[in-house]
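S.K.: Curious how this folds, go ahead:
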Amino acid sequence: MRGGAFLVAFFLSLPLVAASPLSFIDQPHIRTIMLIPILSMVIVALRLLVGIPLYGVFGPLVIALSLIESGIFFGLVIYIILIAIGIGVKLAITHLKLPIIVEISILMYVVSVLTVLFSVLFEKLSVFREILFPLIITSFLIERFSQAIELNTVERALPVLGSTLATAAGLALIGLGASKLGPASFLALFILSFIIVIGLGYYTGLRLTELFRFKFVGE
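M.R.: Prediction:
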């Protein structure tokens with residue numbers, strides 16, 4: 001019943017959306033701000049309906065925003081290089097028995113230096129500086145992946161890292177498509193995504209990955 005009420009409210013709001021002045025939505029920074037919750041709705045759907053494992057919720061979102069600016073393929077290559085080097089450094093300093101907060105700080109230094117070097121070598125990376133390249137998120141991914149290796153195995157940790165980067169790439173594609181919408185359509189998508197998020201909050205069924213798991217167990 002609540003979901004139906006939200007849908008009714010959405011369709012009733014469409015005439016108001018179409019009649020309102022929406023020129024401000026064409027501003028790039030406004031679109032970026034409004035795009036963040038739209039992409040977060042996709043993450044919520046992937047987690048609750050599909051059950052895709054991710055390293056955090058905001059990590060893929062922040063990475064996706066940077067991929068939109070840099071280019072998906074080029075940005076993913078840079079992220080993979082940064083994460084690979086960072087993981088090597090993390091595993092090396094683990095033997096020093098430092099507090100986790102100190103290790104994360106060291107990783108931020110390493111990622112920061114690597115970003116500066118890449119910015120010098122590849123002028124295209126200047127786009128990252130315009131959106132404050134997410135050093136904290138990259139360091140967080142490195143830390144989480146390293147911990148997963150220590151607690152489990154590389155075979156278990158690597159798929160989660162891969163799904164995180166793949167989700168970020170998918171979100172970037174969605175963001176690029178949404179950015180081409182007209183002001184009214186973009187605002188309607190923004191409102192609809194909010195309604196979908198609320199509806200997903202009431203979902204208590206099995207995830208798609210769980211259905212496949214139970215199917216294989218039954219066989």
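S.K.: number of nearby residues for the closest residue to residue 51 other than its chain neighbours?
M.R.: In space, residue 51 comes closest to residue 207 once its chain neighbours are excluded; the distance is 3.1 Å by C-beta to C-beta, 6 or more residues apart in numbering. (Glycine included, C-beta is placed from N, CA and C.) Residue 207 has 16 neighbouring residues, counting by other C-beta atoms under 10 Å.
S.K.: same question, the one 3 residues further on
M.R.: One way to gauge burial is a neighbour count; for residue 210, by other C-beta under 10 Å, it gives 12.
S.K.: Report the contact partners of it.
M.R.: Counting by C-beta atoms under 8 Å, 6 or more residues apart in numbering, residue 210 touches residue 51.
S.K.: And it, how far from residue 194?
M.R.: Separation of residue 210 from residue 194 (C-beta to C-beta, to the nearest Å): 27 Å.
S.K.: follow-up on the earlier one: what does the residue nearest to residue 51 show for phi and psi?
M.R.: Backbone torsions for residue 207, taken as degrees, to the nearest 10, come to phi -80, psi 160.
S.K.: can you check residue 53 too?
M.R.: phi -80, psi 130.
S.K.: Now do the same contact list for residue 89.
M.R.: Contacts of residue 89 were listed using C-beta under 8 Å, 6+ apart, and they are 106-107, 110.
S.K.: which residue ranges form the strands in the protein?
M.R.: Applying DSSP state E to the chain gives no strands.
S.K.: where are the low-confidence patches of it?
M.R.: 1-26, 28, 122-136, 214-219 (pLDDT under 70).
S.K.: Scan it for its longest helix.
M.R.: Looking across the chain with DSSP state H, the single longest helix is helix 154-179.
S.K.: Tell me the helices and strands packed up against that helix.
M.R.: Secondary structure elements in contact with helix 154-179, counted by 3 or more C-beta pairs under 8 Å, 6 or more residues apart in numbering; DSSP states H and E, are helix 28-45, helix 58-70, helix 72-93, helix 135-151.
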